[in-house]
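> Turn this into a structure:
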Amino acid sequence: MEKQDYIKEAKKRLKGKSREIFLNQIETYYDLKENYKPRKHNYKIGDDVYLKKGTLLHGTFKNLDGLNEIIKDGLLSGWFIDAEKSKYPSSVGVWNLQKDCYLKDYIDFYSGGTISIKGCQNNIEDIKVIPLSEMPVLMDTIYKYKNCYKWYIEQTKEARFMPSLVQNRVQIGIIFNGDTGIVNGDILSLEINAKDVKPFINKYYYKQFLRDRQNKDAFFTDRESAVLFGVPANLIEGILVGRDYEKDKDKLDKIKEFLPNVYICNLDGKVIVE
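Residues are numbered from 1 along each chain as shown. Presented below is the predicted three-dimensional model:
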């Protein structure tokens, strides 16, 4: 599909302010696609990758095939890739870094689990992420809470959808420059009001969405953005690979063939291909 095809489809689906918001996002996408010049990296093999606040990340279950599709067509929403059963068929989900950090620390963080502890001080539920490196002493964290009567923990969303230290299904994670204005179309922010955001949400999830968006926590999650329409491929700055791909020279060569100017890094957060 070409730009005018997406505009035509958007006009068919939407009206009023919602249509205007989505069309503006299409314009932002194509302005970046046509005019954005990717930043050159200075990484050498063995360097630790350092990511700035606002960096966007996305994992693909299709791995190398999925990366090839994204390079070809961009990261596009479910409305345009036959994936309308998602909660946000109008948007693409990306992880939005909330602070500057080393990639190795972020991977350790999201490879852990999200814990809910109830019955703590003043009977208030506490929700937080326990990094993988702290899991062996998990009970030390729980013992710090007084009168704790219930707790449960689950895998973080990033651990499921990004290459992680706890699963090998996802072998490709994509690192995008988020400092471009593309996240202005984030429906998980409160910038788009309840009425205008409604057409962008799966109707079965809309009421719950409004409650969750208003009260974000580590489960919802407060680390995620849902960007209307899509993210262009020329915002890609790096590729994170899982342990299987790290050992596969053919896969690494193919990634570099697809994206000659980006770095490739592993789950230790280190550059393995310049």
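> Residue 57 bridge partners, please.
residue 95, residue 175 (DSSP bridges).
> you'd agree it is up against residue 172?
No. Using CB atoms under 8 Å, residue 57 makes no contact with residue 172, being 11.0 Å away. Backbone N, C-alpha and C define where each C-beta goes, glycine included.
> is it fair to say residue 239 lies in a strand?
Yes. Assigned with DSSP: H, G, I helix; E, B strand; the rest coil, residue 239 falls within a strand.
> In terms of pLDDT, where does it sit?
At residue 239, the predicted lDDT confidence score is 98.
> and what of residue 118?
At residue 118, pLDDT is 80.
> what pairs with it across the strands?
Partner residues in beta bridges with residue 118, using DSSP bridges, are residue 150.
> what helices or strands is the helix or strand of the chain with the lowest mean pLDDT leaning on?
Ranking every helix and strand in the chain by mean pLDDT, DSSP states H and E puts helix 138-143 at the bottom, with a mean of 84. With contacts defined as 3 or more CB pairs under 8 Å, 6 or more residues apart in numbering; DSSP states H and E, helix 138-143 has these neighbours: strand 113-118.
> got the CA positions of the least confident helix or strand of the chain in CSV?
Presented in CSV, the C-alpha positions along helix 138-143 are these (Å, rounded to 0.1, in the frame of the first residue of the first chain):
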residue,chain,number,x,y,z
LEU,A,138,13.2,-12.4,46.3
MET,A,139,12.1,-13.3,49.8
ASP,A,140,14.4,-10.6,51.2
THR,A,141,12.3,-8.0,49.3
ILE,A,142,9.0,-9.5,50.6
TYR,A,143,10.3,-9.7,54.2
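> which residues touch residue 214?
When contacts are counted by CB atoms under 8 Å, 6 or more residues apart in numbering, residue 214 touches residue 190.
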